[in-house]
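**Q** Dropping the sequence and predicted coords here.
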2 protein chains.
Amino acid sequence: MNLIAEIKKGSRHALARVISKIENRDEDVSELMKTLYPMTGKAEIWGITGPPGAGKSTLTDRLTTDLRKQGKRVGIVCVDPSSPFTGGAILGDRIRMQSHYLDDGVFIRSLGTRGKHGGLSHATKEVVLALDAAGFDVVIVETAGVGQTELEVLKLAQTVIVVLVPESGDSIQVMKAGLMEIADVFAVNKSDRPEADKLIKELISMVSLVEQPQDAWIIPVQKTEATKDQGITGLIGNIKKHQTYLTQSGKRADKTKVFIRNEITDILAEKLENELTDVFASQKGKEILDQVVNRKLDPYAAAEKIKD
Amino acid sequence: MNLIAEIKKGSRHALARVISKIENRDEDVSELMKTLYPMTGKAEIWGITGPPGAGKSTLTDRLTTDLRKQGKRVGIVCVDPSSPFTGGAILGDRIRMQSHYLDDGVFIRSLGTRGKHGGLSHATKEVVLALDAAGFDVVIVETAGVGQTELEVLKLAQTVIVVLVPESGDSIQVMKAGLMEIADVFAVNKSDRPEADKLIKELISMVSLVEQPQDAWIIPVQKTEATKDQGITGLIGNIKKHQTYLTQSGKRADKTKVFIRNEITDILAEKLENELTDVFASQKGKEILDQVVNRKLDPYAAAEKIKD
């Protein structure tokens, strides 16, 4: 476990290697995670999502600059499970963050789609744990859109910032997209645009209309113009308030439990997939498959046989 | 199993109910699928994918018209796991297919994202089996984009048609997106546009450049203009050729095996998730979770304990 010792000493190289191992699902991932896990639990985990072109990367960039001024170390994980048809934009986004590439207090890593079912959200979870263990104070997980995999990924954040722009539609669409359920803070970016005030008003009234228990968190709506560095301090203030709320309300423990529950589920699902790979390669597995192909056995009965 | 008897008699109502049960993961799904499975294996399963705006729905509509003229019954499953931010287009697309809504020989169903991990591709697989069992000759699975869930969904098709338009980029992007690996037929739609011939040439040379074993299928590139009904007969011809190739080369059985292997994996993954829901609700599960939250146990060790 030389790698872990080096991570403790602050080696970026060792951290990068561990993250690659996590991404590639190397055989020693479980051993690495077992050793890393006791070192975790200190980082704040923020999630950033929103439609393409909302300015998520610029916002992440500005938040990072602000956090660096406060002396905080920042880990950034960019997750893009979306269609390769539209995948071209991501690299361009990354370029905007290059101001931080030479900064030792910032670690940026992009994760793309890898083979299996749920593989991306599992890997992302463990990369976040690795960054936490490596002593980053804030880990920002940025993802485009809120599809199935993205929602899975956002579940691991304590505070989720949903970035909207006037063009991303009215508040009814926000409701329909289920964004109310995942957002802890709304950022209305590009707020110099004409429709911005309308969207902000709608969001505020929507938030106030939702019936909530008395001690519930009320989602703040923050106006930002990331390219002009406007509203960033306000946004960080709102995130801080949410983090304080999590601690004071006891909800932080609930979030941690969801995170861990999902991680355990992912571990067991991965184990199942590996076991099935072995079974399907065996004589028994091949015979069962043949029986199903010939419709002598149905898939549910086959599943029972395979687990015998 | 009254529902199955009614499906056998051709009841659309019974079929719709069974599909809803599959989508909602009702408790009796396994029993239903066990009964339906011996009735499957006759349908051709086509997959259609491509970037938003490529004209997939119009193409599906025209293919359906053509198949109907041949007296074939067509089941259509539209799958949209993508971001709700861009989900608005789907309903509009559906409207274009309304010419078939009153036709008894056509059954159309849209499936959206449902809760769990991999739940959508699992449900889609079983909906396809239900349509197959109900006697549809061709089942078309249409999905937007080729993200993780979409690729999962496309694996269940025997013949995958990738629809491109001149604007969807050059052949290098097609390569990068891994489309070569999933396409059995390329359709270059909106082929009246100026850049179409360039894209077609590029695709043809790209296909010819890939080193292949002698008996391999060579992906045909079909020019279409779905809105003007151009190239549809040619496209169906190419799909038919691919279906014949599958049978003659013995590759059909391989595809069936992949389908069934995935279905068995999904069944067991769902079973695992249900089991874990029970464990996490139990005293034992809660204690283990607490130990992980307090970092007295790591998630990998917890996973081992939970499966004891």
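**A** Arrived safely.
**Q** Which residue does the stretch 201-308 of chain A have closest to chain B?
**A** A:D298 (3.8 Å; CB to the nearest CB). Every C-beta, even on glycine, is put in place using the N, C-alpha and C of the backbone.
**Q** That residue and B:G41 touch, don't they?
**A** No: using CB atoms under 8 Å, A:D298 is not in contact with B:G41, being 11.5 Å away.
**Q** So for those two, which sits in the more crowded spot?
**A** Ranked by neighbour count (other CB atoms under 10 Å in any protein chain shown), A:D298 and B:G41 place A:D298 first, with 21 against 13.
**Q** show me the contacts for the residue lying closest to that one once chain neighbours are set aside.
**A** Setting aside the residues directly before and after it, A:D298 is nearest to B:Y37 in space (CB to CB, 6 or more residues apart in numbering or on different chains), at 3.8 Å. By CB atoms under 8 Å, 6 or more residues apart in numbering or on different chains, the contact set of B:Y37 is A:295, A:298-300, B:129, B:133.
**Q** gap between the two ends of stretch A:227-234?
**A** Start to finish, the residues bounding stretch A:227-234 are 15 Å apart (CA to CA, to the nearest Å).
**Q** who's in contact with it?
**A** A:55, A:58-59, A:62-63, A:65-66, A:187, A:191-192, A:222-226.
**Q** Which of the residues you listed are buried? Put it as a ChimeraX command.
**A** Buried subset of the contacts of stretch A:227-234, written as a ChimeraX selection, criterion 16 or more other CB atoms under 10 Å in any protein chain shown:
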select /A:55,58,59,62,63,65,66,187,191,222,223,224,225,226
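**Q** residue ranges with poor pLDDT in chain A?
**A** Residue ranges of chain A with pLDDT under 70: A:1, A:81-98, A:113-118, A:145-148, A:168-173, A:175-177.
**Q** Break it down into its domains, please.
**A** As assigned by automatic domain parsing, chain A contains the domains A:2-249, A:251-308.
**Q** Distance from the last one to the middle of the chain?
**A** When C-alpha coordinates are averaged (CA atoms, centre = their mean, to the nearest Å), domain A:251-308 and its chain have centres 25 Å apart.
**Q** For A:T143, what are phi and psi?
**A** phi -140, psi 150 (degrees, to the nearest 10).
**Q** now A:K296
**A** phi -90, psi -10.
**Q** Which of the contacts of stretch A:227-234 fall in strands?
**A** Members of the contacts of stretch A:227-234 lying in strands (criterion: DSSP state E): A:187, A:222-223.
**Q** Which parts of chain A are strands?
**A** Ranges of strands in chain A, per DSSP E, are A:44-50, A:74-80, A:106-112, A:138-144, A:159-164, A:185-188, A:221-223.
**Q** As JSON lines, those with distance to chain B would be great.
**A** Below are the strands of chain A laid out as JSON lines (distance: least, CB to the nearest CB, whole Å):
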{"stretch": "strand A:44-50", "distance to chain B": "8"}
{"stretch": "strand A:74-80", "distance to chain B": "9"}
{"stretch": "strand A:106-112", "distance to chain B": "10"}
{"stretch": "strand A:138-144", "distance to chain B": "8"}
{"stretch": "strand A:159-164", "distance to chain B": "9"}
{"stretch": "strand A:185-188", "distance to chain B": "14"}
{"stretch": "strand A:221-223", "distance to chain B": "18"}
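**Q** so the longest helix out of those in chain A versus strand A:44-50, what angle?
**A** Across chain A, the helix with the greatest residue count (assigned by DSSP state H) is helix A:251-281. Put simply, helix A:251-281 runs at 70 degrees to strand A:44-50, going by axes from the mean of the first three to the mean of the last three CA atoms, to 10 degrees.
**Q** Would helix A:251-281 count as contacting chain B?
**A** Yes: using CB under 8 Å from any CB of the partner chain, we find that helix A:251-281 touches chain B at A:253, A:256-257, A:260-261, A:263-265, A:267-269, A:271-273, A:276, A:280.
**Q** Can you give me the separation between A:R73 and B:L246?
**A** From A:R73 across to B:L246, the span is 55 Å (CB to CB, to the nearest Å).
**Q** which stretches of chain A form helices?
**A** Under DSSP H, chain A gives helices at A:2-8, A:12-24, A:29-36, A:56-69, A:88-96, A:119-133, A:148-154, A:171-176, A:179-182, A:196-209, A:232-249, A:251-281, A:283-293, A:299-306.
**Q** With distance to A:F107 added, can I get those in a markdown table?
**A** Formatted as a markdown table, the helices of chain A follow (distance: least, CB to CB, whole Å):
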| stretch | distance to A:F107 |
| --- | --- |
| helix A:2-8 | 11 |
| helix A:12-24 | 7 |
| helix A:29-36 | 15 |
| helix A:56-69 | 11 |
| helix A:88-96 | 13 |
| helix A:119-133 | 7 |
| helix A:148-154 | 18 |
| helix A:171-176 | 32 |
| helix A:179-182 | 25 |
| helix A:196-209 | 33 |
| helix A:232-249 | 19 |
| helix A:251-281 | 20 |
| helix A:283-293 | 42 |
| helix A:299-306 | 42 |
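**Q** B:I218: which of these is closest?
**A** helix A:283-293 (26.6 Å; CB to CB).
**Q** That closest one to helix A:251-281, inter-axis angle?
**A** Going by the same axes, to 10 degrees, helix A:283-293 makes 90 degrees with helix A:251-281.
**Q** Report the buried residues of helix A:283-293.
**A** Buried positions in helix A:283-293, judged by neighbour count with 16+ other CB under 10 Å: A:285, A:288-289, A:291-293.
**Q** now do stretch A:299-306
**A** A:299-303, A:305-306.
**Q** Same check on stretch A:193-207?
**A** Residues of stretch A:193-207 classed as buried: A:196, A:199-200, A:202-204, A:206-207 (neighbour count, 16+ other CB under 10 Å).
**Q** Next: stretch A:214-231.
**A** For stretch A:214-231, using 16+ other CB under 10 Å, the buried residues are A:219-226, A:230-231.
**Q** B:L151: which of the residues you listed is nearest?
**A** A:A226 (32.9 Å).
**Q** got the contact list for that closest one?
**A** So A:A226 contacts A:55, A:58-59, A:61-62, A:189, A:232 (CB under 8 Å, 6+ apart).
**Q** if I look at A:R12, how far off is chain B?
**A** 24 Å (CB to the nearest CB, to the nearest Å).
**Q** From A:E6, how far off is that residue?
**A** Taking CB to CB, one finds A:R12 at 10 Å from A:E6.
**Q** again with A:P213
**A** Distance from A:P213 to A:E6, counting by CB to CB: 47 Å.
**Q** Between the two, tell me which one has more neighbours.
**A** Under the criterion of other CB under 10 Å, the comparison of A:P213 against A:E6 puts A:E6 first, with 16 against 5.
**Q** correct me, but the more buried one touches A:H13?
**A** Yes: between A:E6 and A:H13 there is a contact under CB under 8 Å: 7.4 Å.
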